[in-house]
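[1] output the structure for:
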Amino acid sequence: MPSSYGRRRFLATGSTLLASSLLARTAQAQEEPPATHPFPNGFLWGSATAGHQVEGNNVNSDSWLLENIHPTLFAEPSGDACNHYHLFPQDIALLADLGLNTFRFSVEWSRVEPEDGMISHAELDHYRAVLDTCHQHGIRPMVTFNHFTVPRWFSGRGGWEHPDAALVFGRYCDTVARALGDRMAFATTLNEPNLTKLLFGIPGLRQSKLGTHLDHEIIRKAGQMMGTGRFSSWIFGDLEHIHDGLLKAHKAGYQAIKSVWPNLPVGVSIAMEDDQAIDDDAIPMRDKKRRLAYEPWFEAVSSHGDFLGVQAYSRCRIGPDGMLPPQKGAPLTDMGYEFYPEVLEGVLHYTHEHVKVPLYVTENGVATTDDKRRVEYIRRAVTGVARCLQQGIDVRGYVHWSLLDNFEWLEGYRPRFGLVAVNRTTFERHLKPSATYLGQIARSNSV
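    So this is what the prediction gives:
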């Protein structure tokens, strides 16, 4: 999880405060004595990673090229990352020892298909070993088929903007499903395919930071290096065409996976914020944001989805003319957006009104070096999920971002979202108290 283009800093740009009435409600909740909230039997408790952010040396991906090109927007390259590619047995065993029952991870398309039409059976064997290790430890694998990064050959031909992008993605999903689908508990086609729309594709909401001279120079050079003169990545290109291409890709991926494994639950995970209009005049802007950023995906999962993954980190305060800055004195995370664990409660309520498939929290967490704040964040976030369940909302799991301190896109390794610290020289893992705390919640199935 989530530089002005980094996944988390994207959200930092627009994260703001709630209306004063909700501030009062939050303060009251913090003063009340803790209560025990049980969760249903079979509730998923997990933590997440993403291939490019933890595996290391994903040299055939579009992001690797953009990290190592000159000039670059990345604070540092991903390099060895957390060496999870080789240490996954240790990481999965650690997750199981904590008491968690679900591991969300991604299969890296650029490893499986390093060149157009060339399938690496060795890499499929690698991911089969990851899945088998999950089952050996009683862990349910929740597999993302695409978590932002794509093969560089795919970006060099136009990425998600290319007319047959969905067809090519469907072909890849078919390959992975046939090789690995029997070992998956859940599958998601795409991770946050609405993110660029959410952050930069809604006129009047946020000031776009895309399209600068530096951006154009980077893309020009990337296209030159590819020998195609083209390069379109998830944050570089025509945002409308990219978003449309991703909608088509989800449908193609869903159909491809279900055609092989009709009983495998398949969904999509989207980025969300708890959007709050400051007054009646701001409601049209809030509704515009929701209509453009979320509702196309609500429709997509309603026709091509067995569940929806909700990913949320903070709230967004909206005025009549767009985003409002954080109020003075608001508690902030190390990414600069508001520390607001109650985001899940608001987002789940809103989503429940529009989507009738089961909901899973597939990402939620906080960037901080003060692990006491992470413990507090988890407690308040999970308590909000419990309240949603008590009110009849069909939430079936909570997956924390992230398992490891990892590569956070343009921000590099500075932001710390992990339950587990990683020494980037020796790759030693060190449990944080928040990891034990979430494990206790999972073991007791209550908060």
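
[2] A helix includes Q327, no?
    No - in this structure, Q327 is coil, not part of a helix, as judged by DSSP: H, G, I helix; E, B strand; the rest coil.

[3] count of neighbours near it?
    Residue neighbour count, defined by other CB atoms under 10 Å, stands at 13 for Q327. No exception for glycine: its C-beta is placed from N, CA and C like everyone else's.

[4] would you map the strands across the chain?
    In the chain, strands defined by DSSP state E lie at 44-48, 102-106, 140-144, 186-191, 266-277, 307-319, 322-323, 359-363, 395-401, 420-422, 429-431, listed in chain order.

[5] quick one: N68 from K221, how far?
    Counting by CB to CB, to the nearest Å, the separation of N68 from K221 is 11 Å.

[6] and these two? Which one has more around it.
    Under the criterion of other CB under 10 Å, the comparison of N68 against K221 puts K221 first, with 17 against 13.

[7] what sits closest to the more buried one if chain neighbours are left out?
    Taking CB to CB, 6 or more residues apart in numbering as the measure, K221 lies nearest to I69, with 5.9 Å between them; neighbours along the chain are not counted.

[8] list the contacts of the one you found.
    Residues near I69 by CB atoms under 8 Å, 6 or more residues apart in numbering: I218, K221, A222, M225.

[9] report pLDDT for the residue nearest to L94 when sequence neighbours are not counted.
    Residue nearest to L94 in three dimensions, not counting chain neighbours: R429, with 6.4 Å by CB to CB, 6+ apart. Among the per-residue scores, R429 shows a pLDDT of 98.

[10] ranges for the helices of the stretch 1-150 of the chain?
    In the stretch 1-150 of the chain, the helices defined using DSSP state H, counting those that start in this stretch lie at 7-14, 20-31, 51-54, 62-68, 84-98, 109-112, 121-136.

[11] where among those is the average confidence lowest?
    In terms of average pLDDT, helix 7-14 trails the rest of the helices of the stretch 1-150 of the chain, at a mean of 38.

[12] what bridges to G46?
    Residues found in beta-bridge contact with G46 (criterion: DSSP bridges) are T102, V399.

[13] that one: neighbour count?
    Around G46 there are 25 other residues, counting by other CB under 10 Å.

[14] thought G99 was touching it, still the case?
    No - the pair G46 and G99 does not pass the contact test of CB atoms under 8 Å, sitting 10.7 Å apart.

[15] hang on, the earlier thing: among the contacts of I69, which lie within helices?
    In this view, the contacts of I69 that belong to helices under DSSP state H are I218, K221, A222, M225.

[16] list of residues touching stretch 368-378?
    Counting by CB under 8 Å, 6+ apart, stretch 368-378 makes contact with 333-334, 339, 341, 365-366, 400, 416, 419, 432-434, 437-438, 441, all of which sit outside it.

[17] show the buried residues in those residues.
    333-334, 339, 341, 365-366, 400, 416, 419, 432, 434, 437-438, 441 (16 or more other CB atoms under 10 Å).

[18] show me where the stretch 201-350 of the chain has its helices.
    Counting by DSSP H, counting those that start in this stretch, the stretch 201-350 of the chain has these helices, from start to end: 213-226, 239-260, 283-293, 295-303, 343-354.

[19] looking at those, which one has the lowest mean pLDDT?
    Taking mean pLDDT as the measure, helix 213-226 is lowest among those, coming in at a mean of 90.

[20] how close does G159 sit to V395?
    Summarising the geometry, the distance separating G159 from V395, computed by CB to CB, is 33 Å.

[21] who has more neighbours, these two?
    The residue with more neighbours, out of G159 and V395, is G159; 25 against 22, by other CB under 10 Å.

[22] contacting residues for that one?
    Going by CB under 8 Å, 6+ apart, G159 touches D62, V150, A165, F231, S232, S233, W234, G237, I242, G245.

[23] please redo it, this time with the cut-off set to 10 Å
    For G159, the contacting residues are 62, 150-152, 165, 230-234, 236-238, 241-242, 245-246, by CB atoms under 10 Å, 6 or more residues apart in numbering.

[24] and the contacts of stretch 368-378, which two are furthest apart?
    Using CB to CB, these reach their maximum pairwise distance at D334 and I441, which is 23.2 Å.

[25] now list the buried members of the contacts of G159.
    Restricting the contacts of G159 to buried positions leaves 62, 150-152, 165, 230-234, 236-237, 241-242, 245-246, with burial counted as 16+ other CB under 10 Å.

[26] what sits against the closest residue in space to E161 that isn't next to it in sequence?
    Excluding the flanking residues, the one nearest E161 by CB to CB, 6+ apart is H241, at 4.3 Å. Shown here is H241, whose contacts under the criterion CB under 10 Å, 6+ apart are G158, G159, W160, E161, H162, P163, A165, S232.
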